[in-house]
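# Structure for the following, please:
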Amino acid sequence: MTGTAGTLAHSPSTAAQAEQQIIAAHRAYEKSRDAEPAVRGAWLEAIAAGLEANADELVVLGMADTHLDEGRLRFELRRTVFQLRLMAAEVLRGEPLGATIDHADPDWGMGPRPDIRRVNVPLGVVGVFGASNFPFAFSVMGGDSASALAAGCAVVHKIHEGHLRLALRTGEVVADALAGAGAPAGLFSTITGRAAAELLVDHPLVKAIGFTGSTAGGRALFDRANRRPEPIPFYGELGSINPVFVTEKAWAARRDEILAGYAASFTLGMGQFCTKPGLIFVPETDTDDVGTALGGYLADKPRFPLLSPKLREGYDEALAEVAGSEGVKVLVPGDRSEAPAPTVLATTAEAVRANQELLAQEMFGPATVVIRYRPGTDLASLAELLEGQLTATVQAEPDEELAALTTVLRERAGRLLWNAWPTGVTVSYAQQHGGPYPATTAPGTTSVGTAAVGRFLRPVAYDSFPEPQLPPPLRDANPWGIIRRVDGVWEPAAKGGK
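Take a look at the predicted model:
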């Protein structure tokens, strides 16, 4: 890591520097890959404690680097610390290991079964690309870095320059915490700059990539990872419009409540959330009346500049493209001020059927599109026009039959919401933050929640090995005290792991 936190002076990492850090990370991985759960859990706890101890300094740096306020940054930091501790608890129970033991069985249904045992092992060095819009939760020690460390991997993190000073200092805090906890040097480090980023994707010692960012940037890196002589997993979160479907019955029963909730959701964080609802399908109605209602709900929403000039440029371009499309009109005009007022555009279901690009253009900022459909329209047929999404929301009444719509939406999105809003993404066991392309490049995985750890593991089976030659999680005595499945039956972990 180069540069000095708290100053603007910083030189991007050279390819040679990145090479040395990747080699150091691989050596650290070789030393730590067989660490028992209590040790690995202690490393995650040390990082969490280090972030807490330096919270005041980090929040001040975050406020200086971004336009986010203190409350938002402190909440995001608490979320990050909680996530580390939740994953540490998973590690202690041995959940990510997936230890499975099938003892030899001469009477097995398909014929005699040998003694075969399976366990998940870490991939190696993981490269992580930080996001611009969440300087803690999806950045240096965000979900990708935390889950890779929980899996037993080493991490080299590519800093996002949108919050450079904060990221550099956070990297120092994490490295110091790991050193203090006895982790091998190089287990976690940071790099900056394009040359180092390209090497991170290309280097043969790097075995997986985690990415959160734009569709264009993510696709370029995804293609690069797959062109390697040895292609590697690329877990990219790219783009999502997060549509909302409002049924006629729900619209009649609680139109104003829905509009108020929608206004709050698409403007949260100035519309810079990956789960921001960018489209809402509503029954055809008096458009001017809807515009007046939305304008009222938007009038008091907090406004601040977007996170970076590059993001602002992209937002302006996307907004102009959608607003200039045939059949689209301005329902609530925004403005071009430094902290732009929200913009609401309106069109019809017929227009989006004729121009499906309207359903694919992400406006990363405080803008959204209201799509009016005629009474009796088959909402499932409209949902079929969508690309892959992180989320899809249904606003409906409990007694409605919507199996056709929800079936289509489950094919398009990773998380379905009922009478809620998608901009809250809790960290939990059941969370799914992923979806079909272009929402992500790996729809079978999640980047949020405890299941995220599984992305950076692979299974290995031990067939007919003598007990002394087995790794600890597969020995009959269960020396680590972890949860395991033995002969098809789940055995609980010892309290607190070992």
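
# can you tell me which helix or strand the residue most central in space within the chain belongs to?
Within the chain, one residue has its C-alpha closest to the average C-alpha position: by Cα atoms, centre = their mean, that is S447, at 4.0 Å. With secondary structure defined by DSSP states H and E, S447 is part of neither a helix nor a strand.

# Numbering from 44 from now on, please.
With the count now opening at 44, the last piece we talked about shows up as S490.

# wait, doesn't F125 sit right on V470?
Yes: with contact defined as Cβ atoms under 8 Å, F125 and V470 form a contacting pair (6.3 Å). In short, each C-beta sits where N, CA and C put it, glycine included.

# how much space between A81 and S75?
13 Å (Cβ to Cβ, to the nearest Å).

# Which one's more surrounded, these two?
S75 (22 against 15; other Cβ atoms under 10 Å).

# out of everything not next to it in sequence, what's closest to that one?
Once flanking residues are discounted, S75 sits nearest to P227: 5.5 Å by Cβ to Cβ, 6 or more residues apart in numbering.

# What is the neighbour count of that neighbour?
Other residues within reach of P227 by the criterion other Cβ under 10 Å amount to 17.

# show me what contacts it?
Listed by Cβ atoms under 8 Å, 6 or more residues apart in numbering, the contact partners of P227 are R70, A71, K74, S75.

# Mind putting those into JSON lines with pLDDT and distance to P522?
Supplementary listing: the contacts of P227 in JSON lines, determined by pLDDT from 0 to 100; distance: Cβ to Cβ, whole Å:
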{"residue": "R70", "pLDDT": "98", "distance to P522": "26"}
{"residue": "A71", "pLDDT": "98", "distance to P522": "24"}
{"residue": "K74", "pLDDT": "98", "distance to P522": "20"}
{"residue": "S75", "pLDDT": "98", "distance to P522": "18"}
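
# from those, which is closest to M313?
The closest of the contacts of P227 to M313 turns out to be A71 (Cβ to Cβ; 38.7 Å).

# Give the next helix or strand downstream of the helix or strand where the closest one lies.
Assignment of secondary structure by DSSP H and E places A71 within helix 58-75. Per DSSP H and E, the first helix or strand lying C-terminal to helix 58-75 is helix 80-96.

# For whichever helix or strand comes after that following helix, name the packing helices and strands.
The first helix or strand that comes after helix 80-96 along the chain, using DSSP H and E, is helix 98-108. Under the contact criterion of 3 or more Cβ pairs under 8 Å, 6 or more residues apart in numbering; DSSP states H and E, helix 98-108 touches helix 113-136, helix 207-223.

# Which one of those lies nearest to V249?
helix 207-223 (17.6 Å).

# where does the protein have low pLDDT?
Applying pLDDT under 70 to the predicted model, the residue ranges of the chain that meet it are 44-52, 539-541.

# any chance you could map the helices in it?
Listed in chain order, the helices of the chain (DSSP state H) span residues 58-75, 80-96, 98-108, 113-136, 186-194, 207-223, 237-245, 258-270, 291-310, 330-341, 352-366, 392-397, 422-426, 446-455.

# who's in contact with V451?
Contacts of V451 were listed using Cβ under 8 Å, 6+ apart, and they are A423, A426, E427.

# G141: which of those is nearest?
Each of the contacts of V451 was checked against G141 using Cβ to Cβ; the closest is A426, at 34.6 Å.

# residues in contact with that closest one?
A426 makes contact with P286, F288, A435, L448, V451, L452, R455 under the criterion Cβ under 8 Å, 6+ apart.

# Relative to S188, how far out is the residue nearest to S75?
Following Cβ to Cβ, the distance that separates P227 from S188 is 16 Å.

# Then A295?
47 Å.

# ok, these two, which is more surrounded?
S188 (27 against 11).

# So which bits of stretch 113-122 are buried?
Within stretch 113-122, the residues scored as buried using 16 or more other Cβ atoms under 10 Å are R115, L116, R117, E119, L120, R122.

# same deal with stretch 145-156?
D145.

# for that stretch, how far is the first residue from the last?
Length of stretch 145-156, first residue to last, Cα to Cα, to the nearest Å: 8 Å.

# Also stretch 103-120?
Calculated as Cα to Cα, the first-to-last residue distance of stretch 103-120 is 12 Å.

# Now do that stretch: everything it contacts.
Judged by Cβ under 8 Å, 6+ apart, the contacts made with stretch 103-120 from elsewhere in the structure are 48-49, 94, 98, 101-102, 177-180, 205-209, 212, 312, 347-350, 382.

# hmm, which of these are the buried ones?
By the neighbour-count criterion of 16+ other Cβ under 10 Å, the contacts of stretch 103-120 include these buried positions: 48, 94, 98, 101-102, 177-180, 205-209, 212, 312, 349-350.

# mind giving me the domain ranges of this structure?
Under the assignment automatic domain parsing, the domains of the chain span 58-281+486-500, 287-461.

# which of the ones you listed sits most buried?
When you average the neighbours per residue for each of the domains of the chain (mean count of other Cβ atoms under 10 Å), domain 58-281+486-500 leads with a mean of 21.

# Just checking the distance from that domain to the centre of its chain.
Distance of domain 58-281+486-500 from its chain centroid, counting by Cα atoms, centre = their mean, to the nearest Å, is 12 Å.

# K538 is nearest to which of the domains of the chain?
domain 58-281+486-500 (9.6 Å).

# Endpoints of the closest one, how far apart?
27 Å.

# hang on, the earlier thing: mind putting the helices of the chain into JSON lines with distance to A536?
Shown next, in JSON lines, are the helices of the chain (distance: least, Cβ to Cβ, whole Å):
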{"stretch": "helix 58-75", "distance to A536": "21"}
{"stretch": "helix 80-96", "distance to A536": "9"}
{"stretch": "helix 98-108", "distance to A536": "31"}
{"stretch": "helix 113-136", "distance to A536": "4"}
{"stretch": "helix 186-194", "distance to A536": "16"}
{"stretch": "helix 207-223", "distance to A536": "25"}
{"stretch": "helix 237-245", "distance to A536": "35"}
{"stretch": "helix 258-270", "distance to A536": "35"}
{"stretch": "helix 291-310", "distance to A536": "39"}
{"stretch": "helix 330-341", "distance to A536": "48"}
{"stretch": "helix 352-366", "distance to A536": "44"}
{"stretch": "helix 392-397", "distance to A536": "51"}
{"stretch": "helix 422-426", "distance to A536": "42"}
{"stretch": "helix 446-455", "distance to A536": "32"}
